[in-house]
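Colleague: Below: sequence and its predicted model.
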Amino acid sequence: MSTRPHVVIAGAGYAGLAAFLALRGQVESGSLQVEIVNADDRHLLLPELPLFLAGKNGEDQVRLHLKRILPKDVRLIVARVESIDVSGPALVCHGTTGRIPCDGLIVTLGSIPSDFGVPGVKENSIPIGRWDDIAALRQQLLEDLHGKSGRNVAVIGGGFTGVEIAADLAEQAQREQSHLIVTLIGPGILPSMPDEMQQRAAAGLRQLDVRFVSGRVRAVEPGKVCLASGPVVEAETIVWAAGVQANPVLSHSGLRVNHRGQVTADPFLRIAPRVFGAGDCVQVIDTKTHRPIAPTAQAALQSGPAAGWNLLRDLQGQELLPFHPKDRGFLVSLGRHNATGTVSGHNVQGGDAAALKRVIELYHAFQVGGLHALAHQLVQAAH
């Protein structure tokens, strides 16, 4: 190994950028060389997506130019990762980029939408995944909002993403006096959350005139969502927000993965010697709860730095430190002026919760994009 180790970070999502920021001091001092490989030259601020889809903010609030937020001494390689060689370690990328050997590797390749084998999802719905799909969905939803005749939008998935998309879209429809009808479909509203939070979210959605249809989706046909039992929901636009799986590059590389495609890491976030992982693509068991850590932005922003620091310790022959995430609570937006959730063990709801969630989202933007991202968010919010 050279005196100036070469580290590659695969992925520039929340976990990848947070991992880089943990190593930034070493880069600036000249003791570490870092390259970031990402399929796009932008970073996607996921919490901003519901507002973007409802037409409440623009593309610049959702996507950050990586070259504007990364220092000049960090090389950004825009390329699609095809496989991971943990024995090297090395990345193998599509096209002329080819193989990128390194002294240490941090894998933060994130997740992609999963149709869970439901027939017709790919053909007849628009997933929350690739940017091209997201941009096309926004255009379609804006047409639905501004259409003269009544239009129906079905959002499949009662988790955080589905609830926030349905809420922001319905709130915008109310504000513009649109004839748009929004239906949320799923086995429950925030089914993994405490009962009280589920009830508060359901009440908030009712205030926005969001219809909720309980059930599991059997198939998606043109203009129709077919449930395993119950009515067929008709909708001109169908949004698939029912879940994700880890980037398939992991399983294609022969790594050990779980049923969601996540690579298994030890308590130090280590996948292999000098290879660490963070974010949605990694399964880590919390040593305190003995349960897998949920793939959230909060977890990514904590696991990214932990993976970076442990890789640095590994390269220097130091003892590794186990990753212990801190659960600071969770908030779900129910429009611009309403939210519900828990913070530090306390239930919060209403306008104060919405304001707090917005502050947290701005802080997340600052964490990954610095003052440039924060200033841009504040300027756009003021208009």
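Modeller: All right, it came through fine.
Colleague: Domain map for this protein?
Modeller: Split into domains by automatic domain parsing, the chain comes to 6-39+79-113+245-327, 121-242+330-381.
Colleague: Distance from the chain centre to the first one, please.
Modeller: Using CA atoms, centre = their mean, to the nearest Å, we find the averaged C-alpha position of domain 6-39+79-113+245-327 to lie 15 Å away from the chain's own average C-alpha position.
Colleague: for the record, mean pLDDT for it?
Modeller: Per-residue pLDDT over domain 6-39+79-113+245-327 has a mean of 93.
Colleague: show me the contacts for residue 55.
Modeller: Shown in contact with residue 55 (CB atoms under 8 Å, 6 or more residues apart in numbering): 138, 141-142, 145, 172. The C-beta positions use only the backbone N, C-alpha and C, and glycine is treated the same way.
Colleague: hang on, the earlier thing: redo the domains of the chain as JSON lines? Include mean neighbour count and distance to residue 53.
Modeller: Output for those, formatted as JSON lines (neighbours: other CB atoms under 10 Å; distance: least, CB to CB, whole Å):
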{"stretch": "domain 6-39+79-113+245-327", "mean neighbour count": "20", "distance to residue 53": "15"}
{"stretch": "domain 121-242+330-381", "mean neighbour count": "18", "distance to residue 53": "5"}
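Colleague: Just send these back as CSV, with distance to residue 65 too.
Modeller: Compiled in CSV, the domains of the chain are given as follows (distance: least, CB to CB, whole Å):
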stretch, distance to residue 65
domain 6-39+79-113+245-327, 11
domain 121-242+330-381, 9
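Colleague: wait, which of those domains is closest to residue 62?
Modeller: Nearest of the domains of the chain to residue 62, taken as CB to CB: domain 121-242+330-381 at 8.1 Å.
Colleague: Surely residue 17 and residue 300 touch.
Modeller: No. Applying CB atoms under 8 Å, one finds residue 17 not in contact with residue 300, separated by 9.3 Å.
Colleague: Would you map the strands across the stretch 51-200 of the chain?
Modeller: Along the stretch 51-200 of the chain, counting by DSSP state E, counting those that start in this stretch, strands occupy 63-65, 75-78, 81-85, 90-93, 99-101, 104-107, 111-113, 126-127, 152-156, 181-186.
Colleague: which helices and strands sit right next to the fifth one?
Modeller: With contacts defined as 3 or more CB pairs under 8 Å, 6 or more residues apart in numbering; DSSP states H and E, the packing partners of strand 99-101 are strand 90-93.
Colleague: what's the strand it packs on packed up against?
Modeller: strand 81-85, strand 99-101.
Colleague: could I get the ones you listed as JSON lines with distance to residue 243?
Modeller: Shown next, in JSON lines, are the helices and strands packed on strand 90-93 (distance: least, CB to CB, whole Å):
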{"stretch": "strand 81-85", "distance to residue 243": "22"}
{"stretch": "strand 99-101", "distance to residue 243": "31"}
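Colleague: quick one: which of those strands is nearest residue 350?
Modeller: With CB to CB, the closest approach to residue 350 among the helices and strands packed on strand 90-93 belongs to strand 81-85: 43.1 Å.
Colleague: Counting by contacts, list what the closest one packs against.
Modeller: The contact analysis (3+ CB pairs under 8 Å, 6+ apart) places strand 81-85 against strand 90-93, helix 249-252.
Colleague: strands paired with it, and their directions?
Modeller: When sheet partners are counted by DSSP bridges, strand 81-85 sits next to strand 90-93 (antiparallel).
Colleague: who wins for proximity to residue 71 among the domains of the chain?
Modeller: Here domain 6-39+79-113+245-327 is closest among the domains of the chain (CB to CB), at 7.2 Å.
Colleague: first vs last residue of the closest one, how far apart are they?
Modeller: Start and end residues of domain 6-39+79-113+245-327 are separated by 33 Å (CA to CA, to the nearest Å).
Colleague: ok, now which ones touch the residue lying closest to residue 94 once chain neighbours are set aside?
Modeller: Using CB to CB, 6 or more residues apart in numbering and skipping the chain neighbours, the partner closest in space to residue 94 is residue 80 (4.3 Å). By CB under 8 Å, 6+ apart, residue 80 lies in contact with 39, 93-95.
Colleague: how close does residue 80 get to residue 219?
Modeller: 31 Å (CB to CB, to the nearest Å).
Colleague: One more: residue 107?
Modeller: Residue 107 is 35 Å from residue 219, by CB to CB.
Colleague: just to revisit the earlier point, could the helices and strands packed on strand 81-85 be laid out in CSV, adding distance to residue 272?
Modeller: Output for the helices and strands packed on strand 81-85, formatted as CSV (distance: least, CB to CB, whole Å):
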stretch, distance to residue 272
strand 90-93, 12
helix 249-252, 12
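Colleague: For residue 278, which of these is the nearest?
Modeller: Among the helices and strands packed on strand 81-85, the nearest to residue 278 by CB to CB is helix 249-252 (12.9 Å).
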